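**Q** what shape does this take:
(one chain, ligands or ions: 3)
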Amino acid sequence: MKIAVPKEIKNHEYRVALTPTGARELVGRGHSVSVQAAAGEGAGFSDSDYEAAGAKVEANVDALWQSAELILKVKEPQAEEVARLTASQTLFTYLHLAAEETLTQGLMASGATCIAYETITDAKGGLPLLAPMSTVAGRMAVQAGAHSLEKAQGGSGVLLPGVPGVAPGKVTVIGGGVVGENAARMALGLGAEVTILDKSIARLEVLDDRYQGRIKTVYSTADALDQAAKESDMIIGAVLIPGAAAPKLITRAMLADMKPGSVLVDVAIDQGGCFETSKPTTHAEPTYIVDGIVHYCVANMPGAVARTSTLGLTNATLPFVLALADKGWQQALKDDPHFLPGLNVHNGQVTYQAVADAFGLKSIDPANAVA
Ligand SMILES: NC(=O)C1=CN([C@@H]2O[C@H](COP(=O)(O)OP(=O)(O)OC[C@H]3O[C@@H](n4cnc5c(N)ncnc54)[C@H](O)[C@@H]3O)[C@@H](O)[C@H]2O)C=CC1
Ligand SMILES: CC(=O)C(=O)O
Ligand SMILES: [Mg+2]
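**A** Numbers count the residues shown, from 1 in each chain. Ligands and ions are numbered 1, 2, ... in the order given. Below is the predicted model:
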C-alpha cells in the first residue's frame with residue numbers, strides 16, 4: 001500500500017504520525033512510505049532517519065497527497081488538507097468531529113474514508129489511541145494551570161503547594177478518567193489539595209482505592225460543581241462522553257462565584273469544552289480571561305512536548321496502521337470489533353452515532369460500511 005505522512009500544519013503542532021521505527025516495519029512488509037520533508041523534525045527525527053528506515057522523503061506536498069492510498073496524521077485535517085482528500089483515500093488521525101461541523105461536512109464532501117484515533121476501543125472499555133495523549137495532557141494540565149495562577153498571567157497569585165504556615169491551593173478535576181487521574185497525580189505531587197468529581201461511582205471507587213484518601217473523590221452533581229467553583233484555585237475539565245460534544249458543566253454565571261484570578265484548564269476543549277466560556281486556543285496564545293477567570297483551552301496540548309508525545313502516540317497507533325496497510329481498511333475493521341468504531345465518515349456519510357447526533361445528521365452503521 002502507498003502510505004503518506006504529511007508534516008502537521010496546525011498551530012504549534014510538532015508531532016508526527018509515524019516514526020522511522022514505524023516506517024521500517026511498514027517497508028519491511030512491502031509497503032511504500034512517503035514522508036513529507038521535515039515532517040519529523042519537531043519530534044527529533046531527521047529526513048535521513050526516515051530514509052535509513054526505507055521511506056521516501058517527499059518535498060512536494062501535492063505529489064505526497066496525490067499518490068497516497070493511506071494518509072497518516074496526528075491532528076484533524078485543516079481546511080487546505082480537507083481540500084486535498086479524495087474518495088479513494090483513507091485518513092487515519094485524531095478527528096474530534098462532534099466539535100467541528102465544518103470539518104465533518106468537508107470530510108463527507110471529500111468521499112474519503114476517515115478513521116479517528118479517539119473512538120477506537122479496547123476490551124477493557126478504554127480508548128487505547130486516546131489514552132497516551134490523555135496521559136500527556138493530564139500531566140501538562142497542572143503545569144499549565146500553575147503557570148496561569150501567576151500574577152503576570154492574570155492569575156490570583158496562589159502557589160499550589162503553599163509554604164509552611166500557608167495552606168496549599170485547591171485543585172478540582174472534573175472527570176476522573178485518564179486525563180483526570182494524571183492531572184490529579186501531578187497536582188498531588190506538587191502538594192495541592194486535590195478533589196476529583198466523576199459521574200461514575202465505579203471510577204471513583206478505583207481512584208479512592210488507589211490514592212487511599214490522599215485525593216478526595218466526590219460524585220458529580222450540580223451542587224458539587226457549585227461548591228467546586230466557590231472553593232477551587234484551579235479547575236481542570238477532563239470529562240468525556242466518547243465521540244460526543246462535551247457537556248457544559250461550569251456556566252458563565254458560576255464564574256462570578258469563583259475567586260478572582262482562579263484558573264480553568266479545559267482539556268476537554270477538543271470535544272468542544274466542558275466550560276460554557278471555553279473556546280479553543282493555541283500554544284502561541286494559550287490563555288484568555290473572562291470575568292476575571294483565566295482560561296487555558298489548548299486543543300493540542302501534547303504537541304508542545306512532541307518528542308514524548310510522538311513516541312507515546314505511535315506506540316499505540318502502529319498495530320492499527322500495520323493492519324490497515326496489510327489488509328486494507330475494510331478487512332482490518334471487519335476483523336477487529338474495537339477498530340470498527342474508529343470509522344467516523346465513509347463515502348459521504350457519518351458512521352459514528354454521536355457525531356451524527358451532534359449535527360442532526362443521519363448515521364449509518366459502520367458494520368454496513370465494511371460489509
Ligand atoms: N486538549 C488536548 O490536548 C487533549 C484533550 N484530550 C481530551 O480530554 C478529554 C478526557 O479524555 P480522557 O481522560 O481520555 O477520557 P476518559 O474516558 O478516560 O475519562 C472521562 C471521564 O469523564 C467522566 N465523565 C463523563 N461525563 C461526566 C460528567 N458529566 N461529570 C463528571 N464526569 C464525567 C467519565 O465517567 C470518565 O471517567 C477528552 O475530551 C479528550 O479528547 C485528550 C488528550 C489531549
Ligand atoms: C487527543 C488530541 O486531540 C491530541 O493529542 O491532540
Ligand atoms: Mg480541533
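
**Q** show me where the stretch 151-300 of the chain has strands.
**A** Secondary structure of the stretch 151-300 of the chain (DSSP state E, counting those that start in this stretch): strands located at 170-174, 193-198, 216-219, 234-237, 263-266, 287-290, 293-296.

**Q** list the helices and strands the first one packs on?
**A** For strand 170-174, the elements it packs on are helix 178-190, strand 193-198, helix 222-231, strand 234-237, judged by 3 or more C-beta pairs under 8 Å, 6 or more residues apart in numbering; DSSP states H and E. Any C-beta I mention is one placed from the backbone N, CA and C, and that applies to glycine too.

**Q** closest one to residue 255 among the strands of the stretch 151-300 of the chain?
**A** strand 293-296 (4.9 Å; C-beta to C-beta).

**Q** just checking that closest one against ligand 1, any contact.
**A** No: residues of strand 293-296 are not located near ligand 1 by C-beta under 6 Å from any ligand atom, the shortest gap being 9.6 Å.

**Q** tell me which other helices or strands that strand touches.
**A** helix 131-148, strand 263-266, strand 287-290.

**Q** who's in contact with residue 31?
**A** 1-3, 325 (C-beta atoms under 8 Å, 6 or more residues apart in numbering).

**Q** gap between the nearest residue to residue 352 once chain neighbours are set aside and ligand 1?
**A** Distance criterion C-beta to C-beta, 6 or more residues apart in numbering; nearest residue to residue 352, sequence neighbours excluded, is residue 344 at 4.5 Å. Remark: distance between residue 344 and ligand 1 (C-beta to the nearest ligand atom, to the nearest Å) = 14 Å.

**Q** show me what the helix or strand residue 344 falls within is packed against.
**A** Counting by DSSP states H and E, the element that carries residue 344 is strand 343-346. On a contact count with 3+ C-beta pairs under 8 Å, 6+ apart, strand 343-346 meets helix 101-110, strand 113-116, helix 366-370.

**Q** follow-up on the earlier one: ok, which pair from the contacts of residue 31 is furthest apart?
**A** Based on C-beta to C-beta, the longest span within the contacts of residue 31 runs between 2 and 325 and measures 9.5 Å.

**Q** quick one, which of these two is more surrounded?
**A** Set side by side, residue 2 and residue 325 show more neighbours around residue 325, with 25 against 14, by other C-beta atoms under 10 Å.

**Q** hmm, that one is touching residue 3, no?
**A** Yes: Residue 325 lies in contact with residue 3 (C-beta atoms under 8 Å); the separation is 6.2 Å.

**Q** what do those two both touch?
**A** 26, 31, 70.

**Q** residue contacts, the one residue in the stretch 201-350 of the chain that gets nearest to ligand 2?
**A** Closest contact between the stretch 201-350 of the chain and ligand 2, by C-beta to the nearest ligand atom, is at residue 300 (3.9 Å). By C-beta under 8 Å, 6+ apart, the residues touching residue 300 are 10-13, 75, 270, 282-283.

**Q** number of nearby residues for the closest residue to residue 365 other than its chain neighbours?
**A** Of all residues not flanking residue 365 in the chain, residue 351 sits nearest, at 7.2 Å (C-beta to C-beta, 6+ apart). Using other C-beta under 10 Å, residue 351 is surrounded by 27 other residues.

**Q** if I look at residue 351, how far off is ligand 1?
**A** For residue 351 relative to ligand 1 (C-beta to the nearest ligand atom), the value is 19 Å.

**Q** equivalent analysis for residue 233, please.
**A** For residue 233 relative to ligand 1 (C-beta to the nearest ligand atom), the value is 20 Å.

**Q** what sits against that residue?
**A** Residues in contact with residue 233 (C-beta under 8 Å, 6+ apart) are 149, 156, 158, 160, 169-171, 192, 259, 262-263.

**Q** now do 10 Å
**A** Residue 233 sits next to 145-146, 149, 155-160, 168-172, 192-193, 258-259, 261-263 when contact means C-beta atoms under 10 Å, 6 or more residues apart in numbering.

**Q** from residue 149, how far out is it?
**A** Per C-beta to C-beta, to the nearest Å, residue 233 is found 6 Å from residue 149.

**Q** list residues touching both of the two?
**A** 155-160, 169, 261-263.

**Q** if we can go back for a sec, from memory the residue nearest to residue 352 sits against residue 242, does it?
**A** No: using C-beta atoms under 10 Å as the test, residue 344 is too far from residue 242 to be in contact (11.6 Å).
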